[in-house]
Structures are given as C-alpha cells and as structure tokens.
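S.K.: Curious how this folds, go ahead:
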Amino acid sequence: MPYSAVFFLPKQKPILNLTLFCLTMAPSFSSMAVFLSTFIFCFAILLHSLSLGAEARISPVSSLVSQQLFDSIFLHKDNAACPAKNFYNYDSFIMASKSFPQFGSSGSLVTRKREIAAFLAQISHETTGGWATAPDGPYAWGLCFKEEVSPQSDYCDSTNQQWPCYPGKTYKGRGPIQLSWNYNYGPAGKALGFDGLRNPDVVSNNSLIAFKTALWFWMTEQKPKPSCHNVMIGKYVPTQADIAANRTAGYGLVTNIINGGLECGIPDDSRANDRIGYFKRYATLFNVDTGPSLDCAYQKSF
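M.R.: Model prediction:
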C-alpha cells in the first residue's frame, strides 16, 4: 500500500479516523522507513487531537481555578435536590471566561484571585440552595438553581423602547447572575450573539450562554453604575454623586451594583450578609483576603 493512502479516509470524525487508520495499517507497510515515517505522522496527529480537547481549559482563569478547586467550591451544585443539577459545569465556566479575557487576568495575583472569588460568591448567592443547617454549611450550595423561583412579575419595563419586550416572553432571573429585565436581556443577547428578547429561555437551557451572561453583566459598565470588574480590580473612580452616597470601593459596592435597590442602605440585611458569607469562604479557598468594605449597609443604591 503506498504511503499516500493514509490521506484517503472518510470525512466523519477525521482526526479519530485518521489516527485509528494509521495505527491499524502501519504494520503492513513494506519497509521500515515507511513504517517509521507513518508512525511519526500518526503520533503527531494523535497529539494534535488531544490538544484540541485540552484547548477549552486553557485560559487565565483556568490557571487559577482548577477542576478540583471548582468542585470544592460548589460541593453540592449537582445534588439531586438542585434543579440545575449537571447544568453549571466547569468547562462551560472556563470557555465563557475566554470571551472576557480581562476577567481574572487584571492586576496582581491577589487581585485576580479576589475578583474570581467575588464573582463566584455573587453567583452562588443568586443561585443558592443552601440553608442555615445544610450539610457542609450554607455556603457550599451555590449554583443550585438556574431560574428564579416564583417570580413576582414578568420583569418587563414597557417604558424601555430601546429593548422592547416580546409578546408572551418573561424576563425573570435566569443563569448564574439571575439576569433579569428586558433592558438586560436585550443588550446581553446582542453582545453574546443570541436574541435575548425573543429567546430569553436560552439562558437557562445553555450552560455556556448562561455563564457568558453572568460574565457580561460583571464586566459591562452600565452608567451610572461602574462595572463589577472595575470595582474589584481597583479601577473604580467615584463620582461626586458616589461620594455623597457613600459608595466606597469594595465587595459591598458590587452587591450594590447587582441588587442595591433591595439590599443596600439596610444595616445587617440577611441577603447582603449571605453574599458576604460566600465571599469569605471562597477567599479562604483562594488563599486571599477579602479586602475592605464588604457590605453596603450605609450606601445609597444607584
């Protein structure tokens, strides 16, 4: 059989087919030289195929968050009691982070770790399934839900003409950040390549898109709010209005950005405290401190 025959293979799954074909047929070649060259060729293809499988996990975030660490953070996300069982997987998180290369890669190593810990803490609160006496504690139950339970409205702001609601659709909380309202679904979809107004359910049906919406919200400035990202990496510059409202930099300001209208300006609010509890646990796992200003108890909301 001529050496060139290794190139004539079925088109389905070409790398796998080519690798298996080479390894199966190589011993039948007439000369040792052809055999060795074919073997080297096959081995190179096999390495390439393995590298394709690993590519999804190569990112600045994956260098700081291994599969093992991710699993130790979210101990119970795939519990049978969690509606999001098997939905929020590690590979989707890492792949989503590659769409936002500044996430987890800005500033010092401590800053990078702290930002990731803060992000994971906030999405854990938004999707928690824990309770005070839960196994392993209340802060081991993040990413349990993928949709808001018993939404109080359809979250349609009919006054927003830029992102008009689509008939029959609801813009309730979905995904890790619990993306809500038409004025978030519209621009998130535009930025990420899906129709957020006509097809909001994709956020709770596609794990990769779900994580991307959470990171989109985290990274995107929506004035007068700064981005959560800039707050956590130290690039937040308060305006005069921010100073008057006591909106100081820190994890508490991130809570203000996400849900300040309901949780901030309230001393000892249980929801804000829950977010802090997650952050403290995750900061310990990342071996970093939390930084100052953890709550927004004395901040005015945006």
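S.K.: Hmm, L192 and K212 touching each other?
M.R.: Yes: taking contact to mean C-beta atoms under 8 Å, the distance of 5.1 Å between K212 and L192 places them in contact. (C-beta placed from N, C-alpha, C; glycine too.)
S.K.: Which residue of these two possesses the greater neighbour count?
M.R.: Counted by other C-beta atoms under 10 Å, K212 and L192 do not tie: K212 has more neighbours, with 27 against 18.
S.K.: Average pLDDT for the helix or strand harbouring the more buried one, rounded please.
M.R.: Using DSSP states H and E, K212 sits within helix 207-219. Per-residue pLDDT values across helix 207-219 average out to 98.
S.K.: How far does it sit from its chain's centre?
M.R.: 5 Å (C-alpha atoms, centre = their mean, to the nearest Å).
S.K.: now for the following helix or strand past that helix, which elements pack on it?
M.R.: Per DSSP H and E, helix 207-219 leads on to helix 228-232 as the next helix or strand towards the C-terminus. Using 3 or more C-beta pairs under 8 Å, 6 or more residues apart in numbering; DSSP states H and E as the contact test, the elements touching helix 228-232 are helix 109-126, helix 207-219, helix 251-263.
S.K.: Ok, which of the ones you listed comes nearest N182?
M.R.: Taking C-beta to C-beta as the criterion, N182 comes closest to helix 207-219 out of these, the separation being 13.7 Å.
S.K.: contact partners of that closest one?
M.R.: For helix 207-219, the external contacting residues (C-beta atoms under 8 Å, 6 or more residues apart in numbering) are 87-89, 92-93, 95-97, 99-100, 102-103, 119, 122-123, 146, 174-177, 179, 184, 188, 191-192, 194, 202-204, 227-229, 258.
S.K.: if we can go back for a sec, find residues that contact each of K212 and L192.
M.R.: Both K212 and L192 are contacted by S99, under the criterion C-beta under 8 Å, 6+ apart.
S.K.: Redo the helices and strands packed on helix 228-232 as a markdown table? Include distance to G168.
M.R.: Written out in a markdown table, the entries for the helices and strands packed on helix 228-232 read as follows (distance: least, C-beta to C-beta, whole Å):
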| stretch | distance to G168 |
| --- | --- |
| helix 109-126 | 25 |
| helix 207-219 | 21 |
| helix 251-263 | 27 |
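S.K.: Relative to D78, which of these is closest?
M.R.: Nearest to D78, of all these, is helix 207-219, at 12.3 Å by C-beta to C-beta.
S.K.: how about the CA coordinates for that closest one, as PDB?
M.R.: C-alpha atoms of helix 207-219 as PDB (Å, rounded to 0.1, in the frame of the first residue of the first chain):
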ATOM      1  CA  SER A 207     -24.800  26.300  30.100                       C
ATOM      2  CA  LEU A 208     -22.200  28.200  28.100                       C
ATOM      3  CA  ILE A 209     -24.500  31.100  27.300                       C
ATOM      4  CA  ALA A 210     -25.600  31.100  30.900                       C
ATOM      5  CA  PHE A 211     -22.100  31.700  32.200                       C
ATOM      6  CA  LYS A 212     -21.500  34.200  29.400                       C
ATOM      7  CA  THR A 213     -24.500  36.300  30.500                       C
ATOM      8  CA  ALA A 214     -23.100  36.400  34.100                       C
ATOM      9  CA  LEU A 215     -19.700  37.500  32.900                       C
ATOM     10  CA  TRP A 216     -21.200  40.000  30.500                       C
ATOM     11  CA  PHE A 217     -23.100  41.600  33.500                       C
ATOM     12  CA  TRP A 218     -20.000  41.500  35.600                       C
ATOM     13  CA  MET A 219     -17.700  43.100  33.000                       C
END
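S.K.: Okay, angle between that helix and helix 251-263 too, please.
M.R.: On the basis of axes from the mean of the first three to the mean of the last three C-alpha atoms, to 10 degrees, helix 207-219 is oriented at 100 degrees to helix 251-263.
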